[in-house]
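Asker: curious how this folds, go ahead:
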Amino acid sequence: VPFDSVTGYLNPDLETNVTLKEGSEIFSLPLIEKLASALDKLKKAGLDVSDLEDTLIVQEDTTVRLGWRDTMLKTVEPVSVNLNGHALVMEGGSWLHTGSNEHEINGELTFSQKISDSAFSRANQFLASLELLDASTVQQIADLLFSPVTRNGRLYVPFVSTGDFARPKVRPRVELMDLSDLLKDQAKDNALNLLDQLIQDR
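Answerer: As a prediction, this is how the structure comes out:
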């Protein structure tokens, strides 16, 4: 649209549709790599996604509507891309400054069923190996730790990514709990239960 319909002035905004073709390969996407490491808090509970694929392949044609103005590239509408079965979504208004490489992306990543099953399986095995906890307690702890990052049985993380696109700062937009804190709370509960039992027995 070369002219603004309201002011009549030259419109400097450029919008275009770009199609990512099925089979296209991405050899490095720092955002996803950093997001995986942002889950380190859950590694204490055995949740590990370090087996992510080195090469990401677009699974189906995806058309992206992008805006361009003054070296700023932005998503006009939400973008959803299927990469090796991982669903990467970027909200509309996410931007990249092509001069400085600065960016801000609000989005979410739903890991593939394969990676999710592998991660949750290892985590559940790890928690089950904690001999001081019974099965019911293990399940409660797993629910507390993993419910915020689970959607439809898959590992899901809403996030915000900022800074240099090649070295992004990626933060989950959900509160991640720490296993050691939960175990401390559990120990307190066990102590209180024991104290209650002793009082009742007297």
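
Asker: stretch 27-39: how far from the chain's middle?
Answerer: Offset of stretch 27-39 from its chain centre (CA atoms, centre = their mean, to the nearest Å): 9 Å.

Asker: gap between Ser100 and Phe165?
Answerer: Shown here: Ser100 relative to Phe165, a distance of 9 Å by CB to CB, to the nearest Å. Backbone N, C-alpha and C define where each C-beta goes, glycine included.

Asker: with Leu176 instead?
Answerer: 24 Å.

Asker: rewinding a little: looking at Ser100 and Phe165, which is more packed in?
Answerer: Ranked by neighbour count (other CB atoms under 10 Å), Ser100 and Phe165 place Phe165 first, with 19 against 10.

Asker: quick one: the more buried one and Glu102 touch, right?
Answerer: Yes. Counting by CB atoms under 8 Å, Glu102 is a contact partner of Phe165 at 7.5 Å.

Asker: what helix or strand is the most centrally placed residue in the chain on?
Answerer: Taking CA atoms, centre = their mean, the centroid of the chain lies closest to Val157, which sits 2.8 Å from it. Using DSSP states H and E, Val157 maps to strand 154-164.

Asker: now for the closest residue to Leu10 other than its chain neighbours, how many residues are close by?
Answerer: The shortest distance from Leu10 to any non-neighbouring residue, by CB to CB, 6 or more residues apart in numbering, is to Phe3 (6.2 Å). Neighbour count of Phe3, defined by other CB under 10 Å: 10.

Asker: show the contacting residues for the closest residue to Val1 other than its chain neighbours.
Answerer: The shortest distance from Val1 to any non-neighbouring residue, by CB to CB, 6+ apart, is to Asn11 (5.4 Å). By CB atoms under 8 Å, 6 or more residues apart in numbering, the contact set of Asn11 is Val1, Pro2, Phe3, Asp4.

Asker: most neighbours, which of these?
Answerer: Of the contacts of Asn11, with other CB under 10 Å as the count, Asp4 tops at 12 neighbours.

Asker: how close does it get to Arg167?
Answerer: Counting by CB to CB - Asp4 and Arg167 are separated by 37 Å.

Asker: what about the residue nearest to Val58 when sequence neighbours are not counted, neighbour count?
Answerer: Of all residues not flanking Val58 in the chain, Ser24 sits nearest, at 4.4 Å (CB to CB, 6+ apart). Residues lying near Ser24 (other CB under 10 Å) number 15.

Asker: which other residues reach the helix or strand encompassing Ala123?
Answerer: Assigned by DSSP H and E, Ala123 belongs to helix 113-128. Helix 113-128 is contacted from outside by 42, 45-49, 51-52, 85-86, 111, 133, 135, 138, 141-142, 145-146, 150, 153-155, using CB under 8 Å, 6+ apart.

Asker: do that again at 10 Å, thanks
Answerer: 36, 39, 42-53, 84-86, 110-112, 133, 135, 137-139, 141-142, 145-146, 149-156, 179 (CB atoms under 10 Å, 6 or more residues apart in numbering).
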